[in-house]
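Visitor: When you get a sec, could you give me coordinates for this:
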Amino acid sequence: MNIKRAKEEIKNTIEAYLLKDSYGAYEIPAVRQRPVFLMGPPGVGKTQIMEQIARECGIGLVAYTITHHTRQSAVGLPFINEKEFGGTAYRVTEYTMSEIVAFIYNKIETTGLKEGILFIDEINCVSETLAPTMLQFLQYKTFGNHRIPDGWVIVTAGNPPEYNKSVRDFDVVTLDRIKLIHVEPDFEVWKAYAYEQAIHPAVISYLNARTEYFCRIETTVDGKFFATPRSWEDLSKFIEVYERLGKKADRDVVGEYIQFPKIAKDFTNYLELYYKYRDDYQIDEILSGIIRESLCNRLKRAPFDEKLNVIGLLLSRLGQSFRAVSDQGDKTGLLMEELKKISPKAGGTPENGENPDISMAASLALLRDQWNGDWERKRNAGLLNRREDYLRRDVESLLLQYEENLRREGLEEDNAAWERIREMFEEENVRYETLLAEGGKALEHAFDFMEAAFGDGQEMVVFLTELNSGYYSVKFLKEYDCERYYQYNERLLFKDRENEIKARIDSLGK
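Guide: Next comes the predicted model:
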């Protein structure tokens, strides 16, 4: 299965394992909660989905790469303890708590999250001395003498033997105690993720044209050559930062991430063309409504790779506008939810009750303090991604700004203060509507250019397909009513699907 389906399966497993009966016991006892074992090629996203799952489920996450551990750090160190059995004293060897188990308890103490995921990576690559411990861990959920706390679901991951010579095969006894999930790379699933994470458009458009290079791992007489989803994502971020520094990634830089010389060379050449087309076609000018006939004619005659690159540039710039709309909309929604907690008739917050002696500005300060505490706990628990954290900071700044404005303007009376808050909040709504309208205009101009250059050609199908794949474009189109988008979707994509079905029927008749 692909990584998206694997993520859904793990989330479903966690929900099932953490379901309790009417007496507060887990419906599936810990002894029957099989650890999940994700088997798949390196860089496909196994570790990353665990962070997403923990955030989405609101539970803790402790992650370890087991190959970094010795038997002592995994099991604990031995010490001598004296115990009495049948009236006779004996010296007994016991073990200190495993570092891994101790870290789980520490996570519980610092975050307050009593349930979570223990993720052990490279589980099938342990050393020979640690192998029995890992088998005991998978079968009995213990490290040495110490059990994994109830409520902590075990998820493990590893690579198939063709990717790692250190892999140890599990016997049937062990395999019969785990949930085995095979994960395969899937470009379409990754592409949807790439749009959401704003992966560099050159990477997306390149892999769109050369999907076979998305995940490529080969072993030859000259060594191991590979390009993985993880390496493309890391390269994307590095290129983005390089551009901000006014630098360009050359073949050597690309080769540091894409360790497959043929692919690294090909992508470097593609990146050079990407920059050239970005300068030649002036995408911002097109999206502002300036459509030059000479550029349209040039693009009509251009090779398909060039056409794909320009379409990718259009989509990238549109994506920036769509993401700005989404960020402003989410920020406004988050701000509104917080302001609802303040009573417009009396100071205070729902948590503290109405208090006629406290001003609206003081209520805002109190709300901000409480809110910051909640978000700080989420951040410490690892339940926030970067975008959520930045949105929170933006809303915090707005709440502080509202508070300062009320104090500076001397608005002590509740109704007047609340009316001023409404005015300031409306400014955020206006910003959202402005960004939405600007994004809509840019999209309409993009359609103008695509029509002038390609008409109803296959290029328009590519443009529509990518709009339908992008996280922020889909979100934008739910808010902005673009007639041409729906018309072309119905006419071109339906026709494309009809042709595909006819081709399949024809092939069956042969």
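
Visitor: Near residue 389, how many other residues are there?
Guide: For residue 389, the neighbour count with other CB atoms under 10 Å is 13. All C-beta atoms are positioned from the backbone trio N, CA, C, and that covers glycine.

Visitor: Pretty sure it sits against residue 379.
Guide: Yes: using CB atoms under 8 Å, residue 389 and residue 379 qualify as a contacting pair, with a distance of 6.5 Å.

Visitor: Tell me the pLDDT of residue 353.
Guide: On pLDDT, residue 353 comes in at 45.

Visitor: try residue 240
Guide: 92.

Visitor: and the residue nearest to it when sequence neighbours are not counted, what does it touch?
Guide: What sits nearest to residue 240 in space, not counting adjacent residues and going by CB to CB, 6 or more residues apart in numbering, is residue 200, at 5.6 Å. Applying CB atoms under 8 Å, 6 or more residues apart in numbering to residue 200 gives the contacts 235-237, 239-240.

Visitor: pLDDT below threshold where in the stretch 401-510 of the chain?
Guide: 493-510 (pLDDT under 70).

Visitor: ranges for the helices of it?
Guide: 414-454, 458-469, 471-479, 483-488, 494-509 (DSSP state H, counting those that start in this stretch).

Visitor: Mind listing residues that contact the shortest one?
Guide: Counting by CB under 8 Å, 6+ apart, helix 483-488 makes contact with 443-444, 447, 456, 460, 464, 467, 477, all of which sit outside it.

Visitor: Could you export those residues as JSON lines, including neighbour count and distance to residue 263?
Guide: As requested, the contacts of helix 483-488 are exported to JSON lines (neighbours: other CB atoms under 10 Å; distance: CB to CB, whole Å):
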{"residue": "443", "neighbour count": "23", "distance to residue 263": "33"}
{"residue": "444", "neighbour count": "16", "distance to residue 263": "37"}
{"residue": "447", "neighbour count": "20", "distance to residue 263": "34"}
{"residue": "456", "neighbour count": "13", "distance to residue 263": "34"}
{"residue": "460", "neighbour count": "20", "distance to residue 263": "29"}
{"residue": "464", "neighbour count": "20", "distance to residue 263": "28"}
{"residue": "467", "neighbour count": "23", "distance to residue 263": "27"}
{"residue": "477", "neighbour count": "20", "distance to residue 263": "34"}
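
Visitor: For residue 43, state which of these is nearest.
Guide: Distance to residue 43 across these (CB to CB) is lowest for residue 467, with 27.7 Å.

Visitor: still on that earlier bit, widest-spaced pair of the contacts of helix 483-488?
Guide: So, the contacts of helix 483-488 by CB to CB: farthest apart are 456 and 477, at 19.9 Å.

Visitor: Just put the helices of the stretch 401-510 of the chain in a markdown table and tack on distance to residue 49.
Guide: As requested, the helices of the stretch 401-510 of the chain are arranged in a markdown table below (distance: least, CB to CB, whole Å):
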| stretch | distance to residue 49 |
| --- | --- |
| helix 414-454 | 30 |
| helix 458-469 | 19 |
| helix 471-479 | 16 |
| helix 483-488 | 31 |
| helix 494-509 | 30 |
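
Visitor: and of those, who's closest to residue 142?
Guide: Nearest of those (CB to CB): helix 471-479, 41.5 Å.

Visitor: Which residues belonging to the closest one are considered buried?
Guide: 471-473, 475-477 (16 or more other CB atoms under 10 Å).

Visitor: Helix or strand with the lowest mean pLDDT in the chain?
Guide: The weakest-scoring helix or strand in the chain, judged by mean pLDDT, DSSP states H and E, is strand 348-349 (a mean of 43).

Visitor: Show the model's pLDDT score for the residue of the chain most remote from its centre.
Guide: Distance from the centre of the chain peaks at residue 87, with 59.9 Å (CA atoms, centre = their mean). The score at residue 87 is 85. That number is its pLDDT.
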